[in-house]
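Visitor: Sequence and predicted structure, then a few things I'm wondering about:
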Amino acid sequence: MTYYLPIAEMPVNVLVVLALGTAVGLISGLFGIGGGFLMTPLLIFLGVPPAVAVATQTAQIVASSTTSVLGAVRRNALDLRLGTVLVAGGLIGTILGVWLFAAARRAGQLDLVIVVSYVLLFTVVGSLMLKESVKDIWYKRQGHPSRTLRRAGDHAAYLSWSLRVRFPRSKLYVSIIPLMGFALLVGFVGALLWIGGGFMLVPALLYILRVPAAVTVGTSQFQILCTTLVALVLHAVSNQAVDIALGILLIIGGVFGAQLGARIGRNLHPEFFRFLLALLLLAVALRSAVELLVPPDEPFSITVQETRT
């Protein structure tokens, strides 16, 4: 069963798109990440233009994140105070990321920027997470306490800067300055590549701030929901790259998958949780690297460039 996408200007198999939305929604609910880091390359592999893939799958992120946040609220697994600080910084980064996205698209370099950024970011973050998770699993098997358990004073010096705020739900008392700065970076990267930013936010909450895994998922989803919703509107207004028909199909599958993933995630041990997420990031990085290195079937393409007189 095929359907023609008006903005992407191509036919797609409806069942395949629904299956992708469900799978990515499941991963989103399971790990507390937006899922865009998977959906974008998958849509590109299906033949959807990168600009349309990046902009449209934000609708699926909004839908799956909404269901995950509602589930976190019911389980009391959301730190609303910490999430609000992360949203404030993330919105600034989101506006900057959408602006750079539009500039790269006008310059004709958007495809290269997206693929290279995927490879670099996912390789670095995935490798660091894999290293830490393997050490934690090894420590636990040897009968030692997990290295990720936070002790008093066990945090970086910059978290003790001025403007310190207490976050009881996450058991934190840290400066909001580095929190805002990191949230800005997450929002910027998320808006530029439209990957939600969760692949950066979740490791930071787990390893840098030592937030409990259950609270990490809900708080991350809250930040992703707020910043992605703003970016979706900005992409639709400034770039006209959101394909509504494709977005609806992704939303239908994503909502179902997110709820299922949230239920499964509650039964995962923290060490195994981080190990699976690291493998997922490295797998996407490898697939993107292959796409970058393999010569295309058609090395030349014809595009219409705007000229100023």
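Guide: Structure received. All values reported here derive from a predicted model rather than from experimental measurement.
Visitor: the strands in the stretch 151-300 of the chain, which residues?
Guide: Assigned by DSSP state E, counting those that start in this stretch, the stretch 151-300 of the chain shows strands spanning 164-167, 172-175.
Visitor: Repeat that for the stretch 1-150 of the chain.
Guide: Going by DSSP E, counting those that start in this stretch, the stretch 1-150 of the chain shows strands at 2-5, 10-13.
Visitor: could I get these as CSV with mean neighbour count?
Guide: Yep, even glycine has a C-beta here, placed from its N, CA and C like the rest. Below are the strands of the stretch 1-150 of the chain laid out as CSV (neighbours: other Cβ atoms under 10 Å):
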stretch, mean neighbour count
strand 2-5, 13
strand 10-13, 15
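Visitor: how about the nearest residue to Phe167, chain neighbours excluded?
Guide: Leu82 (4.6 Å; Cβ to Cβ, 6 or more residues apart in numbering).
Visitor: Hmm, Arg169 and that neighbour touching each other?
Guide: Yes - the criterion here is Cβ atoms under 8 Å, and Leu82 meets it with Arg169 at 7.2 Å.
Visitor: These two: which is more packed in?
Guide: Leu82 (26 against 18; other Cβ atoms under 10 Å).
Visitor: From Met10, how far out is the more buried one?
Guide: Counting by Cβ to Cβ, to the nearest Å, the gap from Leu82 to Met10 is 41 Å.
Visitor: What of Gly126?
Guide: Distance from Gly126 to Met10, by Cβ to Cβ: 31 Å.
Visitor: and if you look at Ala214?
Guide: 41 Å.
Visitor: and if you look at Glu132?
Guide: 41 Å.
Visitor: same check, this time on Trp99
Guide: Counting by Cβ to Cβ, the gap from Trp99 to Met10 is 28 Å.
Visitor: before we move on, what about Leu128?
Guide: 37 Å.
Visitor: Name the nearest residue to Val98, sequence neighbours excluded.
Guide: Val98 sits nearest to Leu234 (Cβ to Cβ, 6+ apart), 4.4 Å away.
Visitor: ok, Ala8 to Gln223 distance?
Guide: 29 Å.
Visitor: More neighbours: which of these two?
Guide: Gln223 (32 against 21).
Visitor: pLDDT weak spots in the stretch 1-150 of the chain?
Guide: 29-37, 109-111, 144-150 (pLDDT under 70).
Visitor: try 50 this time
Guide: 148-150 (pLDDT under 50).
Visitor: For it, just list every one of the helices.
Guide: For the stretch 1-150 of the chain, the helices defined by DSSP state H, counting those that start in this stretch occupy 14-31, 36-45, 50-74, 80-106, 110-141.
Visitor: Please identify the most buried of the ones you listed.
Guide: Highest mean neighbour count of the helices of the stretch 1-150 of the chain: helix 50-74, a mean of 26 (counted as mean count of other Cβ atoms under 10 Å).
Visitor: Could you figure out how far that one is turned away from helix 110-141?
Guide: Here helix 50-74 runs at an angle of 40 degrees relative to helix 110-141 (axes from the mean of the first three to the mean of the last three Cα atoms, to 10 degrees).
Visitor: How far does helix 50-74 sit from its chain's centre?
Guide: With Cα atoms, centre = their mean, to the nearest Å as the basis, helix 50-74 stands 9 Å off its chain's centre.
Visitor: What is that helix packed up against?
Guide: Contacts defined by 3 or more Cβ pairs under 8 Å, 6 or more residues apart in numbering; DSSP states H and E place helix 50-74 against helix 14-31, helix 36-45, helix 110-141, helix 213-234, helix 244-265.
Visitor: for the third one, packing partners?
Guide: Read that as helix 110-141. helix 36-45, helix 50-74, helix 80-106, helix 176-193, helix 198-203, helix 270-293.
Visitor: I'd like to check the angle between it and helix 36-45, please.
Guide: Going by the same axes, to 10 degrees, helix 110-141 makes 140 degrees with helix 36-45.
Visitor: Excluding sequence neighbours, find me the nearest residue to Leu18.
Guide: Nearest one to Leu18, counting by Cβ to Cβ, 6+ apart, is Gly253 at 4.4 Å.
Visitor: Could you check how far stretch 108-127 is from the centre of its chain?
Guide: With Cα atoms, centre = their mean, you get 13 Å for stretch 108-127.
Visitor: Quick check: which of the helices and strands packed on helix 110-141 is nearest to Asp136?
Guide: helix 270-293 (4.5 Å; Cβ to Cβ).
Visitor: what's the model's confidence in that closest one, averaged?
Guide: Across helix 270-293, the average pLDDT comes to 73.
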